[in-house]
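[1] what would the 3D arrangement of this be:
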Amino acid sequence: MANTSDTQFFKVDVDNGNGVKIVLSTVYEALSEKGYNPVNQIVGYIMSGDPTYITSHNSARSLIMKVERDELVEEMLRSYIKNNHWED
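    Coordinates of the predicted model:
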C-alpha cells in the first residue's frame, strides 16, 4: 500500500515548440466560428475525454486529439500564471 503522507512528483516535459498553443488557438477559433462557447466545450473535452465536445470544423477535433489532455491543462495553467504575473 502506498504511503499517502509523501508528496508525489509530477514531472512535466517542457514543449519546446508552440504546438499546444497553436492547437488551443485553432480549436478555440473553430468553436467560436461554429457558435459554441469555446471555454465550455474545451473544459467538457478535458474533463471527459469525449472528442465530440470539439467541432470537426477546420480539423479542430483531430488536432486536439493529438495532444494529451494533461498537456492542454498544463499550457492553460502556464499561460494563466504568466498573465497574472505569478512567475518568479
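[2] SS state for Gly35?
    For Gly35, the secondary structure call by DSSP: H, G, I helix; E, B strand; the rest coil comes out as coil.
[3] how close does it get to Arg69?
    Look at Gly35 and Arg69: by CB to CB, to the nearest Å, they are 24 Å apart. Bear in mind the C-beta positions are built from the backbone N, C-alpha and C, glycine included.
[4] higher neighbour count, these two?
    Arg69 (14 against 7; other CB atoms under 10 Å).
[5] how far away is the residue nearest to that one when sequence neighbours are not counted from Asn83?
    Distances taken as CB to CB, 6 or more residues apart in numbering put Ile46 closest to Arg69, at 5.1 Å, once the chain neighbours are dropped. Using CB to CB, Ile46 is found at 19 Å from Asn83.
[6] go ahead and flag the most central residue of this structure.
    Leu72 (2.0 Å; CA atoms, centre = their mean).
[7] that one: helix or strand, and which one exactly?
    helix 69-83 (DSSP states H and E).
[8] by contact count, what packs against that helix?
    Applying 3 or more CB pairs under 8 Å, 6 or more residues apart in numbering; DSSP states H and E, we find helix 69-83 packed against helix 19-33, helix 38-48.
[9] hmm, back to that, tell me which of Ile46 and Asn83 has more neighbours.
    Between Ile46 and Asn83, counted using other CB under 10 Å, the more crowded position is Ile46 (15 against 9).
[10] show me what contacts that one?
    By CB atoms under 8 Å, 6 or more residues apart in numbering, the contact set of Ile46 is Arg69, Leu72, Val73.
[11] hmm, Met47 and the second one touching each other?
    No. Under the criterion of CB atoms under 8 Å, Leu72 lies out of contact with Met47, with a separation of 11.0 Å.
[12] mean neighbour count, the helices and strands packed on helix 69-83: which tops it?
    Ranked by mean neighbour count under mean count of other CB atoms under 10 Å, the helices and strands packed on helix 69-83 are led by helix 19-33, which reaches a mean of 17.
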